[in-house]
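1. Structure here, sequence nowhere to be found:
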């Protein structure tokens, strides 16, 4: 899912996202709640109409953003009180209010309120935090059941498994949430600084518990390698700012490894970024030209980089799906990982 935090994927138009084949994008409850505000979005007829996007939208609960601002918030059983990073005004999110906010936004997939624990954290803290997250999930589910969608289409609520890198806590979290019978399940609190081996170990543990017939979503992940390894461990859905954010900083993902287009070696390189890519930039512009745009800080560089990297990521997961359906995923994954390790691309 391309990340459109504030109702827009940076440097791209919705038309371009559609042409790239994006099937769903992500918006952020915290940011949209603060600006432009849920009331205005409701007046517009919901987030889809406000931003003119006719495909699905997932909104997270805002919990990650709130908890990342630890110096600006207070936490208790009822929810979290926080100060706006815009103007310092005081606000409160409860499990019930984040459901109502996301009803107002009209996203297709809604997330429960959770606490994303920092890494590292001690086991006692992780256990207490997860137990509260599970209680919050139940409150979210109850409020969801007693409210209705506002814009004439169904909304779906996902739970979030927490527990840091402690297997017993993750296992308890997954079992408790599966018992509540959500329509989908997310794995949160990973890709926050832990070793990648721990991320894979916890992911595999969680997917071994989650029902096969319901979607599994690994939040905030990640590199192409992370995505391939996690698909192999049973993950269906991903979001990450990496393709667009890294692209805006001059890093291009290709089928032959990474290209840091800022490097002087590309000054007079008149090949496309990726000869096998069909994106607009690869069809029309050379590495030398894009190198010039990036070094000159031209806006077009941001646009071309975002288009290219999202084209690559969407190709990667689409190809993974095709490989799974043709029963050749393991071999295909090994081939892709070998190519990705060729850095920098020549």
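-> Sure thing, it's come through. Keep in mind that what you see is a predicted model, and the values were worked out from it rather than measured. Residues are numbered from 1 along each chain as shown.
2. Excluding sequence neighbours, find me the nearest residue to residue 290.
-> residue 261 (5.5 Å; CB to CB, 6 or more residues apart in numbering). No exception for glycine: its C-beta is placed from N, CA and C like everyone else's.
3. Surely the one you found and residue 291 touch.
-> Yes. Counting by CB atoms under 8 Å, residue 291 is a contact partner of residue 261 at 5.2 Å.
4. circling back: measure the residue nearest to residue 290 to residue 167 for me?
-> In this view, residue 261 and residue 167 are 41 Å apart by CB to CB, to the nearest Å.
5. Name the residue closest to the centre of this protein, please.
-> With distances taken as CA atoms, centre = their mean, the chain has residue 239 as the residue nearest its mean C-alpha position (2.2 Å).
6. so what does the strand or helix carrying residue 103 touch, helix or strand wise?
-> Using DSSP states H and E, the element containing residue 103 is helix 95-105. When contacts are defined as 3 or more CB pairs under 8 Å, 6 or more residues apart in numbering; DSSP states H and E, helix 95-105 packs onto helix 29-34, helix 38-43, strand 57-60, strand 109-111, helix 123-145.
7. can these go into CSV with extra columns for mean pLDDT?
-> Putting the helices and strands packed on helix 95-105 into CSV (pLDDT from 0 to 100) gives the following:
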stretch, mean pLDDT
helix 29-34, 96
helix 38-43, 98
strand 57-60, 97
strand 109-111, 98
helix 123-145, 98
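8. can I get those in CSV with distance to residue 280 and mean neighbour count?
-> Formatted as CSV, the helices and strands packed on helix 95-105 follow (distance: least, CB to CB, whole Å; neighbours: other CB atoms under 10 Å):
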stretch, distance to residue 280, mean neighbour count
helix 29-34, 28, 23
helix 38-43, 31, 15
strand 57-60, 24, 26
strand 109-111, 29, 26
helix 123-145, 41, 19
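9. Looking at those, which is nearest to residue 192?
-> helix 123-145 (12.2 Å; CB to CB).
10. Can you pull the phi/psi pair for residue 83?
-> Residue 83 has phi and psi values of phi -100, psi 140 when expressed as degrees, to the nearest 10.
11. neighbours of the closest residue to it other than its chain neighbours, just the number please.
-> Distance criterion CB to CB, 6+ apart; nearest residue to residue 83, sequence neighbours excluded, is residue 72 at 4.4 Å. Other residues within reach of residue 72, judged by other CB atoms under 10 Å, total 14.
12. what's the answer for the one 3 residues further on, then?
-> Using other CB under 10 Å, residue 75 has 15 other residues around it.
13. That one and residue 114: what is the separation?
-> Distance of residue 75 to residue 114, computed by CB to CB: 12 Å.
14. Report the next helix or strand after the longest helix along the chain in sequence order.
-> If you go by DSSP state H, the chain has its longest helix at helix 299-325. Where DSSP H and E defines the elements, the next helix or strand beyond helix 299-325 is helix 329-340.
15. Many thanks, I have nothing further to ask.
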